[in-house]
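>>> Fold the following, please.
(chains A and B)
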Number of protein chains: 2
Amino acid sequence: MSILSCPLPLPATERILLAHGGGGRLTNQLIEDVFLPAFANTALHARHDGALLAIGGARLAMTTDTYVVQPLVFPGGTIGDLAVNGTVNDLAMCGARPIALSAGFILEEGLAMETLRVVVHSMRDAALVANVPIVTGDTKVVDKGKGDGIFINTTGVGVVLAPNAIGPEFIRAGDAVLVSGDLGAHGIAILSVREGLEFEGPASSDTVCLWPAVEALLEAGIEIHCLRDLTRGGLSSALNEIASVAGLRITVEEALIPVSEVVRGACELLGLDPLYVANEGRFAIFVADEDADRALSILRSQSVSTSAVQVGSVYDHRSGIVTVRSRIGGNRVLDMMSGEQLPRIC
Amino acid sequence: MSILSCPLPLPATERILLAHGGGGRLTNQLIEDVFLPAFANTALHARHDGALLAIGGARLAMTTDTYVVQPLVFPGGTIGDLAVNGTVNDLAMCGARPIALSAGFILEEGLAMETLRVVVHSMRDAALVANVPIVTGDTKVVDKGKGDGIFINTTGVGVVLAPNAIGPEFIRAGDAVLVSGDLGAHGIAILSVREGLEFEGPASSDTVCLWPAVEALLEAGIEIHCLRDLTRGGLSSALNEIASVAGLRITVEEALIPVSEVVRGACELLGLDPLYVANEGRFAIFVADEDADRALSILRSQSVSTSAVQVGSVYDHRSGIVTVRSRIGGNRVLDMMSGEQLPRIC
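Numbering: from 1, shown residues only, chains lettered A, B, ... in the order given. Below you'll find the model as predicted:
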């Protein structure tokens, strides 16, 4: 126990920083230095949004996420529907239909019961839309000042419907990179209410269940190579992780990346890059180039991905990096996020 | 959002209290008033330690628990092995062999990396003993002063091996009530280190994986009616929940309930009743009276339940209450725990 009451100040690198939870470089370092060596197994090493399990004849996916967003209620959602949609979406990114969720609550002593009710009701509504039951749960209460209102863990189990394996290791040179809609709305919505900022228009979170869009692609027989929801760290971190695992180069065209006027204006004002801002209802899809048009038309027929577009391609260049071609024609490396851009956005 | 900044003081009943997380009466009220009405589904309504799911040909169990114990390291364990054993045990209580765990961490900014390593290594060791891989995970970081070092959610999936349904609704009049060992060690161990108390001997947590004991009963063909681990709220809360669901009376003999000298001394000193103190490696087993002796000899052959004993029986009295026959022959009702005895013991 002596380590818990260590009297000597530790160097910053030996302490947890907010950025260790930001989804960027430090999060990756924590996973690679601490978690992967301890929990070594093939499912975990795949570094996918969820783990694939073969049980009897069933192919299952399992995924977990803990939600610590502040404020608990924000334009377009609450921590409750975020907790349902986020975990359902991680299953969807495995090509899996969600079949059961668990919910684990950490409540802070003194929390208004009415706030809990609002959050629980938004979870119920999101679970109804996603058509997934919350089958088991747990509640803990921590002393006032040792929590922050409500934290929620949701863990999901789904049945994999994709006929082929989906993941970063299956992208190929020539693949088209699609995104399901405009980027950055969730992060900007959280920031607007947290900082009391007003932008050119209302900023509202994009939190939504993405399974219908994935299901439509699968039902149409589109061979999906990789799916990734664009949460913490945004498009740039997602593409960097994928390029790194695949050992291929991904190039995106800045002019093709959809960003709303409100998000663009807010990012300019705040000095943020929308490619690093978190989304909770957007995802990237990798398909063979010849399937791209059909995949786009299927995505556009679904209400959660009406403005899907192709933003780039995969190249046979064994570098594992992401480059972006700017509006004026130059190329730059799109790095993984360093440090913490917007803490606690999910 | 106005509810989040409600300017009026709320009555205590409209705020979350520590006791809402204590596993007793207020926890039950919260579940019945807030969670069950919102998330209505048959699996949740079973109020079992885990949910049963039929997927393809497989019978699965799923369970979740969040761990907020303080201190993070205590005599006999850490929050890490507690998080593995606790969830594995909830699967075991469904008659299910654990096959996969998820781990969701909430870390407080400023946490010493070495503390995280100690906890993660104890999770690894516990997962190796339980023979269950940690297949997926998530890490969030909250600002200093908005958490308490480390909170961990673990969610488990298991394959149900029990041939018959196990649960409170399947106990029958005449059943024997067995417990797997001496009670109260975990709660007293936490209390001793938290309050800096010294008792007659060292108090050490009983945290352990219970699956081998359940597996041995199943392999021997014992028909188990109900299993329940004796965590928050101790033996009394577990038996009250079971009696209430079954609508039968459970009677236990005080003289038969195993309590170590250290725990008995500590409870006397502190004015606690060991029947309400939490355990993390003890469980109750309900079997037909004619199977009791064989079940006990199987349990005693397993290292985690060497001192298993019968402590009581089920009676055909449609009251749903628990009574205890004292050493001097009197009978009293053993109520469900009210309020909070030992906050944050798991």
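
>>> A:Cys267 contacts A:Asp273, correct?
Yes - counting by Cβ atoms under 8 Å, A:Cys267 touches A:Asp273, with 6.6 Å between them. Quick note: C-beta positions are derived from backbone N, CA and C, even for glycine.

>>> Tell me the residues of the stretch 201-346 of chain A that contact chain B?
The stretch 201-346 of chain A has residues A:343-344 near chain B, with proximity defined as Cβ under 8 Å from any Cβ of the partner chain.

>>> ok, so what distance separates the nearest residue to A:Ser301 once chain neighbours are set aside from A:Thr306?
Nearest residue to A:Ser301, sequence neighbours excluded (Cβ to Cβ, 6 or more residues apart in numbering or on different chains): A:Ala216, at 6.9 Å. Here A:Ala216 is placed at a distance of 12 Å from A:Thr306 (Cβ to Cβ, to the nearest Å).

>>> can you check A:Val179 too?
A:Val179 is 12 Å from A:Thr306, by Cβ to Cβ.

>>> quick check: domain ranges of chain A?
Annotated domains of chain A cover A:47-160, A:168-333 [automatic domain parsing].

>>> can I get those domains in a markdown table with mean neighbour count and mean pLDDT?
Formatted as a markdown table, the domains of chain A follow (neighbours: other Cβ atoms under 10 Å in any protein chain shown; pLDDT from 0 to 100):
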| stretch | mean neighbour count | mean pLDDT |
| --- | --- | --- |
| domain A:47-160 | 24 | 95 |
| domain A:168-333 | 20 | 95 |
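
>>> So for B:His48, which of these sits nearest?
Proximity to B:His48 (Cβ to Cβ) singles out domain A:47-160 among those, at 8.3 Å.

>>> Show me how far that closest one is from its chain's centre.
13 Å (Cα atoms, centre = their mean, to the nearest Å).

>>> again with stretch A:222-229
Here stretch A:222-229 is found 14 Å from its chain centre; the criterion is Cα atoms, centre = their mean.

>>> So which residues of chain A form helices?
A:25-30, A:36-38, A:42-45, A:79-92, A:113-130, A:185-195, A:211-219, A:234-246, A:261-270, A:292-300 (DSSP state H).

>>> Would you format the ones you listed as JSON lines with distance to B:Val88 included?
Shown next, in JSON lines, are the helices of chain A (distance: least, Cβ to Cβ, whole Å):
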{"stretch": "helix A:25-30", "distance to B:Val88": "25"}
{"stretch": "helix A:36-38", "distance to B:Val88": "17"}
{"stretch": "helix A:42-45", "distance to B:Val88": "17"}
{"stretch": "helix A:79-92", "distance to B:Val88": "21"}
{"stretch": "helix A:113-130", "distance to B:Val88": "26"}
{"stretch": "helix A:185-195", "distance to B:Val88": "35"}
{"stretch": "helix A:211-219", "distance to B:Val88": "30"}
{"stretch": "helix A:234-246", "distance to B:Val88": "31"}
{"stretch": "helix A:261-270", "distance to B:Val88": "44"}
{"stretch": "helix A:292-300", "distance to B:Val88": "41"}
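
>>> B:Ile188 is nearest to which of those helices?
Between B:Ile188 and the helices of chain A, the tightest spacing by Cβ to Cβ is seen for helix A:36-38, at 29.6 Å.

>>> Give the closest residue to the residue nearest the centre of chain A in space, chain neighbours not counted.
Residue closest to the average C-alpha location in chain A (Cα atoms, centre = their mean): A:Thr231, at 2.7 Å. Distances taken as Cβ to Cβ, 6+ apart put A:Ala278 closest to A:Thr231, at 5.5 Å, once the chain neighbours are dropped.

>>> Relative to B:Ile298, how far out is that neighbour?
Taking Cβ to Cβ as the measure, A:Ala278 and B:Ile298 are separated by 53 Å.

>>> Please apply the same query to A:Arg232.
Per Cβ to Cβ, A:Arg232 is found 49 Å from B:Ile298.

>>> next one: A:Pro71
In terms of Cβ to Cβ, A:Pro71 sits 54 Å off from B:Ile298.

>>> Then A:His225?
51 Å.

>>> so A:Asn85 sits right up against A:Arg282, yeah?
No - using Cβ under 8 Å, A:Asn85 is not in contact with A:Arg282, being 11.5 Å away.

>>> which ones are touching the closest residue to A:Pro202 other than its chain neighbours?
With Cβ to Cβ, 6+ apart as the criterion, A:Pro202 has its nearest non-adjacent residue at 6.6 Å, and that residue is A:Pro75. A:Pro75 makes contact with A:189, A:192-193, A:202-205 under the criterion Cβ atoms under 8 Å, 6 or more residues apart in numbering or on different chains.

>>> quick one: which of the residues you listed is nearest chain B?
Chain B lies nearest to A:Val193 out of the contacts of A:Pro75, by Cβ to the nearest Cβ, at 7.9 Å.

>>> Hmm, A:Leu72 and that closest one touching each other?
No - assessed by Cβ under 8 Å, A:Val193 is found out of contact with A:Leu72, at 10.7 Å.

>>> Identify each of the strands in chain A and give its residue range.
For chain A, the strands defined by DSSP state E cover A:51-55, A:58-67, A:73-74, A:77-78, A:96-108, A:134-142, A:150-160, A:176-179, A:224-229, A:249-253, A:283-287, A:309-315, A:322-325, A:331-333.

>>> In terms of secondary structure, what does the fourth one contact?
Using 3 or more Cβ pairs under 8 Å, 6 or more residues apart in numbering or on different chains; DSSP states H and E as the contact definition, the elements that strand A:77-78 packs against are helix A:113-130.

>>> Smallest gap between the stretch 201-346 of chain A and chain B, at which residue?
Closest residue of the stretch 201-346 of chain A to chain B, Cβ to the nearest Cβ: A:Arg344 (6.6 Å).

>>> Leaving out chain neighbours, which residue sits closest to A:Ala58?
Closest residue in space to A:Ala58, ignoring its immediate chain neighbours: B:Gly56 at 3.9 Å, by Cβ to Cβ, 6+ apart.
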